[in-house]
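Student: Here is a sequence together with a model predicted from it:
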Amino acid sequence: MFGWEFPPYSVGGLGVACHGLTKSMTKLGMKVTFVIPKAPKGAKSHFLDLLVAERVKVSKYEEKNIENIEGITIRKVDSLLMPYMDSQRYSSLIKYLKKNGGTLSDFVQKNVLNDIDLMSQCESNLLEEVWGSVNASKADITKNQYGSNLFEEVWRYANKAAIIAKKETFDIIHVHDWMTFQAGIVAKEVSGKPLVIHIHNTAFDRSGGNPGQREYEIEKEGFERADKIIAISFHVKKRLLENYDVPEDKIIVSYNGIDTEEYCFKPSERNIDNKIVLYAGRVTLQKGPEYFIRAAAKVCETRDDVTFILAGGGDMLAGMVELAAYLKISDRFVFTDWYNKKEGETLMNMADVFVMPSVSEPFGLVPLEAMLQRTPTIISKQSGVSEILENSLKVDFWDTDELANKIISVLDYDSLRNHLVDMGEKEVKAMTWDKTAFKCKRVFERLIYEYKMSENYF
């Protein structure tokens, strides 16, 4: 299985999803080797084999054999692939390493092990100023060590996948999201084994409907080369049908779950009398933070006892701070920037209502986490999780009037709040990863049978 993050060395929902899914897979008797581009020394998992691509040793004989495959070049790499990476963030990280020296391994050791979010290091205004001048000698070193752009990094990871596919014994190749697609394709070419793509979001979701051409092409090729595609919602399936022309019979919908063992409800102390309305997640176009702030302004027109917390970092954070100032509600807002798992649980536990106003959300794990903390939730109808949640209020992301009305209703009516809390917690506790893992297993078994009946097997 190829991914790009795995807890505790992760910053987003994809790592959480991969952890929960693989944990349930192993309970069903599946043996999983999970490959990630990079991790600190000593990184391991207690229930699967965690393989770090950059540590794979390549003999000259293996290198020569792999190089005979058309289109593949093997070289020792120190991959920069990281969660939620795009071309702009990749360039930012390159600049950071040029200025400060060292390798990504040093960067990961310094920040992840101290529970500091990786992307916050690359996105702070302070670092943006520091990157203005770059030492030429360090720039040369970094240029040689890392790919010149994100797409080169995707291929560098794929190169390692070729070696891994030659070394490892396996029945199925299972990849997660676009930066691992090339790795999966190369592994399939080398081994002949079936390829399953697990798609958590598409370029259309990440970009607000305007994807980059190369990113789109990598996704489209992956979907074409896959033997089966697992979509995490019908929202994602619709994208595949309409934007990528994927045959419908190639797609299986299997919703995400949540690992309830990872969450423990503990009432938090509050040093504030105001009601608390929480947004928690990446502050990007896809997540709809602007609509949260505009709805907050409408709530403030009638309520003076509400504090809004926008927790998370991203490329729109500075703009959201400015928007709150423009709407004259800065005094009602708290902006926390990036937060870790423990801090997130505390925030959700403190909140009187959690809001996820996503513009395009393939699924959305954070509302489930909030519901386990006994916090009522309001989610956008444009999210995959809205397809299955019954005990959450739903609203179109653009309808800030209705969003404000629903926020006020939850704050005002105890009966509504209590219903959402009690029934929501019960509902989410039944949404385990075991169901998803079982569905994946059925897909794998079918593909393995078909492979063994094919001429490639003999």
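Tutor: Ah, there it is.

Student: Kindly list the longest helix within this structure.
Tutor: Using DSSP state H, we find that the single longest helix of the chain is helix 433-453.

Student: Next, report how far that helix is displaced from the centre of its chain.
Tutor: 24 Å (C-alpha atoms, centre = their mean, to the nearest Å).

Student: helices or strands up against that helix?
Tutor: helix 13-27, strand 195-199, strand 228-231 (3 or more C-beta pairs under 8 Å, 6 or more residues apart in numbering; DSSP states H and E). (Glycine included, C-beta is placed from N, CA and C.)

Student: Show me the helices in the stretch 351-458 of the chain, by range?
Tutor: 366-372, 400-412, 414-429, 433-453 (DSSP state H, counting those that start in this stretch).

Student: Among these, which comes closest to L48?
Tutor: Checking those against L48 by C-beta to C-beta gives helix 433-453 as the closest, at 12.3 Å.

Student: Now do that closest one: everything it contacts.
Tutor: 20-21, 23-25, 27-28, 30, 171-172, 174, 192-194, 196, 198, 227-228, 230, 252, 254-259, 457 (C-beta atoms under 8 Å, 6 or more residues apart in numbering).

Student: Let me know the angle separating that helix from helix 13-27.
Tutor: 70 degrees (axes from the mean of the first three to the mean of the last three C-alpha atoms, to 10 degrees).

Student: Helix 433-453 - what's its average pLDDT?
Tutor: Helix 433-453 shows a mean pLDDT of 95.

Student: try stretch 219-239
Tutor: pLDDT averaged over stretch 219-239 gives 97.

Student: So which of the helices and strands packed on helix 433-453 is the most surrounded?
Tutor: Of all the helices and strands packed on helix 433-453, strand 195-199 has the most neighbours on average by mean count of other C-beta atoms under 10 Å, namely a mean of 25.

Student: Tell me the strands beside it, with direction?
Tutor: strand 173-176 (parallel), strand 228-231 (parallel) (DSSP bridges).

Student: sorry, back to before: just send the helices and strands packed on helix 433-453 back as TSV, with distance to A162 too.
Tutor: Below are these laid out as TSV (distance: least, C-beta to C-beta, whole Å):
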stretch	distance to A162
helix 13-27	22
strand 195-199	14
strand 228-231	22
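
Student: can you pull the contacts of A325?
Tutor: Per C-beta under 8 Å, 6+ apart, neighbours of A325: none.

Student: May I have the predicted confidence score for it?
Tutor: pLDDT at A325 comes out at 97.

Student: Could you list the low-confidence segments of this structure?
Tutor: 8-12, 40-42, 55-149, 266, 268, 456-458 (pLDDT under 70).

Student: one step back: just the buried positions in the longest helix of the chain, please.
Tutor: Across helix 433-453, burial judged by 16 or more other C-beta atoms under 10 Å covers W433, D434, T436, A437, C440, K441, V443, F444, L447, Y451.

Student: What helix or strand is G344 located in?
Tutor: Per DSSP states H and E, G344 falls inside helix 341-350.

Student: Would you mind pulling the contact partners of that helix?
Tutor: Counting by C-beta under 8 Å, 6+ apart, 263-268, 270, 276, 278, 280, 309, 311, 336, 339, 354, 369-370, 373-375 sit against helix 341-350.

Student: 10 Å instead?
Tutor: Outside helix 341-350, the residues within contact range by C-beta atoms under 10 Å, 6 or more residues apart in numbering are 7-8, 10, 16, 115, 262-272, 276, 278-281, 309, 311-312, 334, 336, 338-340, 354, 366-367, 369-375, 377.

Student: Any buried residues in stretch 386-393, and which?
Tutor: S386, L389, N391, S392, L393.

Student: Would you agree L365 is in contact with I379?
Tutor: No. Assessed by C-beta atoms under 10 Å, L365 is found out of contact with I379, at 11.5 Å.

Student: what touches both of these two?
Tutor: With C-beta under 10 Å, 6+ apart as the test, L365 and I379 both reach M356, V385.

Student: so G192 sits right up against D227, yeah?
Tutor: No. Judged on C-beta under 10 Å, G192 makes no contact with D227 at a distance of 11.2 Å.

Student: Just want to know which of those two has more residues nearby.
Tutor: Taking other C-beta atoms under 10 Å, G192 and D227 do not tie; D227 has more neighbours (18 against 12).

Student: Would you list the phi and psi of that one?
Tutor: phi -80, psi -30 (degrees, to the nearest 10).

Student: Tell me how far it lies from S330.
Tutor: 52 Å (C-beta to C-beta, to the nearest Å).

Student: before we move on, what about V35?
Tutor: From V35 to S330 the distance is 45 Å (C-beta to C-beta).

Student: more neighbours, the two?
Tutor: For V35 versus S330, neighbours defined as other C-beta under 10 Å are more numerous around V35 (25 against 13).

Student: Please report phi then psi for that one.
Tutor: Dihedral angles for V35 - degrees, to the nearest 10 - are phi -110, psi 130.

Student: Isn't it up against A187?
Tutor: Yes. Counting by C-beta under 10 Å, A187 is a contact partner of V35 at 9.2 Å.

Student: overlap in contacts of those two?
Tutor: Common neighbours of V35 and A187 (C-beta under 10 Å, 6+ apart) are F2, K160, A161, I164, A165, E168, V175, T180.

Student: and the fourth one, that one's in a strand?
Tutor: I take that to be I164. No. I164 is assigned helix when assessed by DSSP: H, G, I helix; E, B strand; the rest coil, not a strand.

Student: ok, now how distant is it from I309?
Tutor: Counting by C-beta to C-beta - I164 and I309 are separated by 42 Å.

Student: all strands of the protein, in order?
Tutor: When assigned using DSSP state E, the strands of the chain occupy the ranges 33-36, 49-52, 173-176, 195-199, 228-231, 251-253, 275-280, 306-311, 333-337, 353-356, 377-380, 393-395.

Student: Now distance to E242 too, for those strands, in JSON lines please.
Tutor: As requested, these are arranged in JSON lines below (distance: least, C-beta to C-beta, whole Å):
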{"stretch": "strand 33-36", "distance to E242": "31"}
{"stretch": "strand 49-52", "distance to E242": "36"}
{"stretch": "strand 173-176", "distance to E242": "22"}
{"stretch": "strand 195-199", "distance to E242": "14"}
{"stretch": "strand 228-231", "distance to E242": "13"}
{"stretch": "strand 251-253", "distance to E242": "12"}
{"stretch": "strand 275-280", "distance to E242": "29"}
{"stretch": "strand 306-311", "distance to E242": "32"}
{"stretch": "strand 333-337", "distance to E242": "36"}
{"stretch": "strand 353-356", "distance to E242": "24"}
{"stretch": "strand 377-380", "distance to E242": "19"}
{"stretch": "strand 393-395", "distance to E242": "22"}
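
Student: closest one to G424 among the ones you listed?
Tutor: Per C-beta to C-beta, nearest to G424 of the strands of the chain: strand 377-380, 6.8 Å.

Student: Convert that closest one to PDB, retaining C-alpha atoms only.
Tutor: Presented in PDB, the C-alpha positions along strand 377-380 are these (Å, rounded to 0.1, in the frame of the first residue of the first chain):
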ATOM      1  CA  THR A 377     -22.400  19.600  14.200                       C
ATOM      2  CA  ILE A 378     -23.500  21.600  11.200                       C
ATOM      3  CA  ILE A 379     -22.100  20.400   7.900                       C
ATOM      4  CA  SER A 380     -22.400  21.500   4.300                       C
END
